[in-house]
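Undergrad: Below are the sequence and a predicted model for it; my questions follow.
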Amino acid sequence: MIRNLPIRLRITFIVMTAATVALLIACAAFMAHEITTTHETDERNLSILADVVAANSSAALIFRDADAARDILSAVRAQQAIVSAAIFTGDGAPFVTYGTHAQDSLAIVRAKPPSRWKMIETYRTIRFRGDAIGTLHIVADHRFLRQRLKRDVAITVAILCCTLFVALLVAMYLQREISAPLVRLAGTARKVTTEKNYSVRVGTGAIHSGRDEMHAVIDAFDGMLAEVERQQATLEDNVASRTAELQMILNSAAEGIFGLDRDGAVTFINPSAATLLGWRMQDLVGRPLHPLLHAEDSPEHAADLAACVVCSAADGATSSHTASFRRSDGTAMPVELTAATIDDASGNAAGVVVTFRDITERLQVERMKDEFVSTVSHELRTPLTSIRGALTILSSGTMGSLSAKGHRMIAIAVANSERLTRLINDLLDLEKIQTAAMTLQRRPLNAEQVLQLAVEGVQPLGERTKVSLRLDAEPAELHADSDRLQQMLANLLTNAIKFSSEHAVVEVKGFVKEGDYVITVRDRGRGIPADKLEIVFERFQQVDASDSRDKGGTGLGLAISRSIVTAHGGTIYASIPEGGGTLFTVTLPLLSDGDVA
Amino acid sequence: MKRILIIDDDPDIREIAMTGFEIAGGWEAREAASGLEGVKLARSNPPDVILLDVMMPEMDGPTTVALLQNDARTRNVPIIYLTAKIHLTGRERVCGFISKPFNPLTLPADVEAIMSRTARVVAQ
């Protein structure tokens, strides 16, 4: 109970209790001594009185002179404290009595002794010449003792009151010395907590001086506050400068950036985003954006906030896709966006930050490019068709025979027109794969079958050039575009055969490694110099400038192959194997559960 | 004698294709320089097969196909696209494709192969 009291009251309580206990013990000891002393004095006085009365009353008892005896007893009355007195004859019968004594015999009186606290009594044997002739009994009141006691108690109470008053003063002083600084410390601490004001100090001068523990505590507390204040200031400076930097980045970013809270309301939006969407920044902050953001024909427009892939990304997810946003005037704007979930401290989704870019222009450019590619394709192929057709007919000899030289010239023209055709086809192909990487016709494929098919496809070329192919493939499931994969493999295998000498072997392997399917194609040809292992994947890069003519390549095959593999999420690279030649390693992801919806 | 109608806006290509059929023999080849001219020719004297360029000014391949197939006289004439176009939708209502540049010497055989394949599909 005491523990819950404020220190101020506890100090008072302790001081007062200590004073009271000390005083009570002292008073009790004093009173005990007083009682004992008074008791002894009373008994001694009574004893002397009894001796005198007993000596004087022997004659009266012998002569049975009751009057004389009564006179003697009445002398005792002078003593105020004497309550009663009696003289008994030798056989115990009452002779004379005084005061409260009834006419009881000695035996009865002896049987009923008075309270020791109220009365004291004494018996004396009355003798005459040594013979017992009677008994004197005197009872005295302890009135004096009681009066004394009452007075002592009164004095004690008075002293106690004085002492407690003094103790109270002492306690108040102590309280000011000990409790007041604590109360002030607590008040300051509370102020710091509630007002977040770190500039307040407890201060010691006004209420406390000296070098005691309290002083040390207050000094330490003030020191701590000063440190916190300094840290706070530094922190605020840092936050301010970081905020300014971020603001600058947000403001200067060409991309639109906005943040939404969990309810879809705008927490911030940068000027680019506001401009792109046709709103003023201040009109959007705090407003739910989802109902305004999506163009009428976009799938997000019909979706609830919770189902919207832009305005409420899944926990911790980042998604990138294209969408159609609605401007303030109602027009639609194609955008490419990244939506990233923002987590709060406990890891729950607190909102989403969306970065977007207007891709109207890009889409236009892409459309123009598609049209251009289509036109170029047609415009280039049409004259080529005529040239090749004419040359083919000429070289067939059906239009009349030619000289040997004439045949040779036509053969050169045919070969070069064929090369030009392949070049155009490859260029268009590469363009198509690179721009349409997202539209691969992927489906589950058996890797072993894919490799077998590819090897069978180049078998005629191998037979013509006397190069054999050896296939060693593990079965596995891929998720890929079959035609594109065949195109890529045909490219690698054709290259391997073309660069192999007669009777050489091209080794093709397929195996599963670390969750991927690895395809290797190894020839024993002249190999690729170490410094060109990467360059061969670039457009129109061949190891030897004469290859394009001698081997009939366009210089685009490997660039196309790499585009195809990359579009599948795989890798392709060339290396120099032990024993010479070239090793192409293709890594493709295996079919996973999420691939086939 | 199989009759073929070649519709292409490029006279050189028409000539080379015609020459191919001439060398092969057994073909009666006619030519038209535009879709409209081709449709007129086909209606007046329906051929056994039509070789049709896809990209032509004024009237392109698909429009020509639609005109030919909307007319009772030419509805059942198989049409083969002769095309340099790489982006095809896959929904073209023709029975085959021959891509440019083509080999004029093997062109008749290619056309016959497509025709016999179509005939097989129709028969089934």
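TA: Great, that's in hand.
Undergrad: C-alpha only now, for contacts and for neighbours.
TA: OK.
Undergrad: Please list the residues of chain A that sit near chain B.
TA: Proximity of chain A to chain B, by C-alpha under 8 Å from any C-alpha of the partner chain, involves residues A:374, A:377-378, A:381-382, A:384-386, A:388-390, A:392-393, A:398, A:421.
Undergrad: switch the cut-off to 10 Å
TA: Within chain A, the positions adjacent to chain B are A:370, A:373-393, A:396, A:398-399, A:417-418, A:421, A:425, A:428-429, A:432 by C-alpha under 10 Å from any C-alpha of the partner chain.
Undergrad: and stretch A:451-460, which residues are buried?
TA: A:L451, A:A454, A:V455, A:G457, A:V458, A:Q459 (16 or more other C-alpha atoms under 10 Å in any protein chain shown).
Undergrad: And stretch A:29-48, by the same measure?
TA: Going by 16+ other C-alpha under 10 Å, stretch A:29-48 has these buried residues: A:M31, A:E34, A:I35, A:T38, A:H39, A:D42, A:E43, A:L46, A:S47.
Undergrad: B:E112: what's it in contact with?
TA: Counting by C-alpha atoms under 10 Å, 6 or more residues apart in numbering or on different chains, B:E112 makes contact with B:K2, B:V49, B:T118.
Undergrad: Dump those to JSON lines, plus secondary structure, neighbour count and distance to A:R64.
TA: As requested, the contacts of B:E112 are exported to JSON lines (DSSP: H, G, I helix; E, B strand; the rest coil; neighbours: other C-alpha atoms under 10 Å in any protein chain shown; distance: C-alpha to C-alpha, whole Å):
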{"residue": "B:K2", "secondary structure": "strand", "neighbour count": "12", "distance to A:R64": "193"}
{"residue": "B:V49", "secondary structure": "strand", "neighbour count": "22", "distance to A:R64": "186"}
{"residue": "B:T118", "secondary structure": "helix", "neighbour count": "16", "distance to A:R64": "178"}
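Undergrad: Find the least confident helix or strand in chain A, judged by mean pLDDT.
TA: Lowest by mean pLDDT, DSSP states H and E among the helices and strands of chain A is helix A:547-550, with a mean of 61.
Undergrad: which element follows it toward the C-terminus?
TA: Per DSSP states H and E, the first helix or strand lying C-terminal to helix A:547-550 is helix A:557-567.
Undergrad: Report the secondary structure state of the residue of chain B at minimum distance from chain A.
TA: Across chain B, no residue is closer to chain A than B:P101, which sits at 4.1 Å (C-alpha to the nearest C-alpha). Secondary structure, DSSP: H, G, I helix; E, B strand; the rest coil: B:P101 is coil.
Undergrad: Got the confidence number for it?
TA: Predicted confidence (pLDDT) at B:P101: the value is 82.
Undergrad: Surely it and A:T385 touch.
TA: Yes - proximity of B:P101 to A:T385 meets the contact threshold set by C-alpha atoms under 10 Å, at 4.1 Å.
Undergrad: Find the closest residue to chain B in the stretch 401-550 of chain A.
TA: A:T421 (7.6 Å).
Undergrad: still on that earlier bit, list the residues that contact the residue of chain B closest to chain A.
TA: The contact partners of B:P101, taken as C-alpha under 10 Å, 6+ apart, are A:380-389, A:417-418, A:421, B:13, B:82-84.
Undergrad: cutoff 7 Å now
TA: Neighbour list for B:P101: A:R381, A:L384, A:T385 [criterion: C-alpha atoms under 7 Å, 6 or more residues apart in numbering or on different chains].
Undergrad: Over to A:L493?
TA: A:L493 touches A:V458, counting by C-alpha under 7 Å, 6+ apart.
Undergrad: same thing but at 10 Å, please
TA: Residues in contact with A:L493 (C-alpha under 10 Å, 6+ apart) are A:454-455, A:457-459, A:461-462, A:469, A:487, A:499, A:506-508, A:521-523, A:584.
Undergrad: What score does residue 36 have for pLDDT?
TA: Went with chain A since none was named. For A:T36, the pLDDT comes out at 85.
Undergrad: Switch to chain B, please.
TA: Turning to B:L36, the model gives it a pLDDT of 91.
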